[in-house]
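1. need coordinates for the following:
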Amino acid sequence: MNKNRGHICVLAMIISASAYAEKTSAQAIWVGPNSFNTSLGLGLGYATGMRIGGGMELGLGRFTLDRQVPFSYGIAGRAGLSFGSVPAFSAGAFGTLHFSWGALKLPGDLAWIGHFDTYLGLGVVLVPYVDFDSIGGFSYYFSKNVALNLEAGLRASYIGLLFVM
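-> Predicted coordinates for the structure are as follows:
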């Protein structure tokens, strides 16, 4: 029963925040050059139970494909702590590539899509051992400073908040 209440609370938060979300411009780039964001989330590890994860990202630049489709890129650090049968810590560094859906010229009834930013990251896990890894996810921006973030990678999936500074 508590699980259903939690789902209902998260759904209500998303719907109410969507109603008050700031409008995006036709060329909105949520993660652009010199932007800095931090994230914190809770999730389930793929084989280790409950996890807490988070990270930081610095936007480095942007480029445009076919003079119409802008992308941005940056560097990110991620860390996670699992609380399975044996607590475990992991950390990694990634290069990221973002696409902000607000850059598309969408009709008014689809403007809510402009609040999404999708991203992929490739990098190296440094703790507990050195290995290649990837991250990916999307963020829904309630305002220019706060977003709901869903991310998979670094051996877990997370739902949490992202803050732009």
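
2. where does the closest residue to residue 106 other than its chain neighbours land in three-state SS?
-> Nearest-residue entry for residue 106: residue 113, 5.8 Å, with adjacent residues in sequence omitted and distances by Cβ to Cβ, 6 or more residues apart in numbering. For glycine as for every other residue, the C-beta is placed from the backbone atoms N, C-alpha and C. Three-state call for residue 113 (DSSP: H, G, I helix; E, B strand; the rest coil): helix.

3. what about residue 113, how many neighbours?
-> 13 (other Cβ atoms under 10 Å).

4. now the element after the helix or strand bottoming out on mean pLDDT in the chain, going C-ward?
-> In the chain, no helix or strand scores lower on mean pLDDT, DSSP states H and E than helix 2-19, which sits at a mean of 46. Tracing the chain past helix 2-19, the next element assigned as helix or strand by DSSP states H and E is strand 36-45.

5. counting contacts, what elements does that following strand pack onto?
-> Helices and strands touching strand 36-45, by 3 or more Cβ pairs under 8 Å, 6 or more residues apart in numbering; DSSP states H and E, are strand 49-65, strand 146-153, strand 156-164.
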